[in-house]
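Asker: Predicted structure and sequence below. I'll ask about it afterward.
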Protein chains: 2
Amino acid sequence: MRTEKGAEVSYSVGQVAGFAGVTVRTLHHYDDIGLLAPSERSHAGHRRYSDADLDRLQQILFYRELGFPLDEVAALLDDPDTDPRAHLRRQHELLTARIEKLRKMAAAVEQAMEARTMGINLTPEERFEVFGDKDPEQYAEEAEQRWGGTDAYAESQRRAASYTKDDWKRMQAEVADWGERYDALMAAGEPPAGQAAMDMAEEHRQHICGWFYECSYELHQGLAEMYVADERFKAFYDSMRPGLAVHLRDAITANAARHSG
Amino acid sequence: MRTEKGAEVSYSVGQVAGFAGVTVRTLHHYDDIGLLAPSERSHAGHRRYSDADLDRLQQILFYRELGFPLDEVAALLDDPDTDPRAHLRRQHELLTARIEKLRKMAAAVEQAMEARTMGINLTPEERFEVFGDKDPEQYAEEAEQRWGGTDAYAESQRRAASYTKDDWKRMQAEVADWGERYDALMAAGEPPAGQAAMDMAEEHRQHICGWFYECSYELHQGLAEMYVADERFKAFYDSMRPGLAVHLRDAITANAARHSG
DNA sequence: GCTTGCACCTCACGTCACGTGAGGAGCCAC
DNA sequence: GTGGCTCCTCACGTGACGTGAGGTGCAAGC
């Protein structure tokens, strides 16, 4: 019968801090507040973390990353009615929820860029939609009440943002040039799924890649939908030529399809 | 010539706090430290936030969400060499990076669950891989140096975690039952892409859904790859019957394909 | 005309999760 | 035996606000 000596492994603060990506001070702190007390101390009073302690630390770090205050983390982990699997389950749910929130924030950044490009000024509610934990029902009503006559108010928000820079002009010129060529394309009766229209859609995508963020075909399609769904974006494109927004949406869809196929 | 009266809209602290999802105190604080000084004050000394102020606030909140300290946020936003588009661009990059990190954390949670199910104890480095900002090169070397003889050490870590609960037993029984039936299936010479094997793969997925987290077909495939790539997971399945891990992986792939098609 | 209520104001201290030394102990290597 | 490393325990500092305390401006109701 061999003794399982390796089973009694334990780690010093420095070691734990090392691979857990936290400072020694943090571990001291967790010890102080009773959140993570090492299950043993060495002869010299040094903290020794067991494998189970590491397990708990991992749970702590997950909850911390998810924004829980430490006392709540302690309450959660010390709840005898909750087994470890339940924690992992909950953490998984919270993580996916948080990912979803960040994806929405990324979308908000994309929208903000598009708005800037087209000189559209978003309303405050739109700007911060992704932040505050507003319930959307009292939303419109509140806006009406607070500033009475949302129409006039909203209209005033539509004015161009005035970020006049050097290359900003160049970009605007590019957009205008592209718009003229798209206008001509439609005048020539080119269909959205045709070669010429798809090339213009691709150029549109490249324009975003170059000036803004990395724009995948998938993301590009999302934007295309917004161009027809949101009145203001639609108005921007239709001002180049009536019906351009819808035509462009279809061209973008076709262009995406040809590149994914 | 109409006067654009609507253009001079401005908002009180309460309004701004309302749709930005922050407290009034936070806005006071940002004013105190000079991060966001409202561009105007009312006759009574009340803060009045202009549209441009809201713009800046949005930037602040994005950077804050991304973990920047406020003084750095101020430095970034007050840098005259950086135009607004550059900020949005950077924010978009940081957001996608952060999403990626959270996706990895979710994967770590999944791995932790699988490990628990199979009685595998992960090594500390694996546990915290997703946290610390370790560079992976000095990784193995360091582990060797620190505990000398990683083999014996790692072996000691392989023992079963002892979370013996009530329904834990039931779950283990389910796994064992499933294992026996899969063994029989292979003994009967069923191919991975066959109906029977795919049904077992689907049952495997349902098992995860039931006991753990919502497991999509896509996610299930990711797990399947891990089962053959990681020696310990592979060993777990192959202990039911040699070659089972690979067979299962193929069955899971086939099952995913039939549901996505 | 007066008070009540609401949203705003300015101090100013409290809190949470650590950061950052200060001063000292154990231990291995040269 | 003397650096040098990691560990220890106070204990005060800090960043990003929270939380009253006490006072002002103003529209509505009595």
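Answerer: Sure, I can see it.
Asker: Pretty sure A:G243 sits against A:Y182.
Answerer: No: counting by C-beta atoms under 8 Å, A:G243 does not reach A:Y182; the two are 11.0 Å apart. The C-beta positions use only the backbone N, C-alpha and C, and glycine is treated the same way.
Asker: Of these two, which one has the most company?
Answerer: A:Y182 (24 against 11; other C-beta atoms under 10 Å in any protein chain shown).
Asker: which residues sit in contact with that one?
Answerer: Neighbour list for A:Y182: A:M200, A:M240, A:R241, A:L244, A:L248 [criterion: C-beta atoms under 8 Å, 6 or more residues apart in numbering or on different chains].
Asker: Could you rerun that using 6 Å?
Answerer: With contact set as C-beta atoms under 6 Å, 6 or more residues apart in numbering or on different chains, A:Y182 has these partners: A:M200.
Asker: Local confidence estimate at it?
Answerer: A:Y182 carries a pLDDT value of 97.
Asker: can you pull the buried residues of the helix or strand where it lies?
Answerer: Using DSSP states H and E, A:Y182 sits in helix A:166-187. Buried residues in helix A:166-187, counted by 16 or more other C-beta atoms under 10 Å in any protein chain shown: A:W168, A:M171, A:V175, A:G179, A:Y182, A:L185, A:M186.
Asker: Please name the nearest non-neighbouring residue to the third one.
Answerer: Using C-beta to C-beta, 6 or more residues apart in numbering or on different chains and skipping residues adjacent in sequence, the residue nearest A:V175 is A:T117, 6.8 Å away.
Asker: And the buried residues of helix A:166-187, which is closest to A:A106?
Answerer: Nearest to A:A106 among the buried residues of helix A:166-187, counting by C-beta to C-beta, is A:M171 at 21.4 Å.
Asker: Look up how far B:P38 lies from that closest one.
Answerer: Using C-beta to C-beta, to the nearest Å, A:M171 is found at 31 Å from B:P38.
Asker: Same question for A:R90.
Answerer: A:R90 sits 41 Å away from B:P38, going by C-beta to C-beta.
Asker: So which of those two has more stuff around it?
Answerer: With neighbours defined as other C-beta under 10 Å, A:R90 and B:P38 compare such that B:P38 has more, 21 against 17.
Asker: And the pLDDT at the more buried one?
Answerer: B:P38 is given a pLDDT of 97.
Asker: pretty sure it is touching B:R47, no?
Answerer: Yes: counting by C-beta atoms under 6 Å, B:R47 is a contact partner of B:P38 at 4.2 Å.
Asker: Any residue of stretch A:221-239 touching chain B?
Answerer: No: contact between stretch A:221-239 and chain B is absent, the nearest approach being 13.1 Å (criterion: C-beta under 6 Å from any C-beta of the partner chain).
Asker: for that stretch, which positions count as buried?
Answerer: A:221, A:223-224, A:226-228, A:230, A:232-234, A:236-238.
Asker: do stretch A:245-261 as well
Answerer: By 16+ other C-beta under 10 Å, the buried positions in stretch A:245-261 come out as A:A245, A:V246, A:H247, A:L248, A:R249, A:D250, A:A251, A:I252, A:T253, A:A254, A:N255, A:A256.
Asker: restrict the residues you listed to contacts with DNA strand D.
Answerer: Among these, not one lies near DNA strand D by C-beta under 7 Å from any atom of the strand.
Asker: Show me the residues you listed that map onto helices.
Answerer: Using DSSP state H, the members of the buried residues of stretch A:245-261 that fall in helices are A:A245, A:V246, A:H247, A:L248, A:R249, A:D250, A:A251, A:I252, A:T253, A:A254, A:N255, A:A256.
Asker: a markdown table for the residues you listed, including pLDDT and distance to A:F128?
Answerer: A markdown table is the format used below for these (pLDDT from 0 to 100; distance: C-beta to C-beta, whole Å):
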| residue | pLDDT | distance to A:F128 |
| --- | --- | --- |
| A:A245 | 93 | 26 |
| A:V246 | 95 | 30 |
| A:H247 | 97 | 33 |
| A:L248 | 96 | 29 |
| A:R249 | 97 | 27 |
| A:D250 | 96 | 32 |
| A:A251 | 97 | 33 |
| A:I252 | 97 | 28 |
| A:T253 | 96 | 31 |
| A:A254 | 96 | 35 |
| A:N255 | 96 | 33 |
| A:A256 | 94 | 30 |
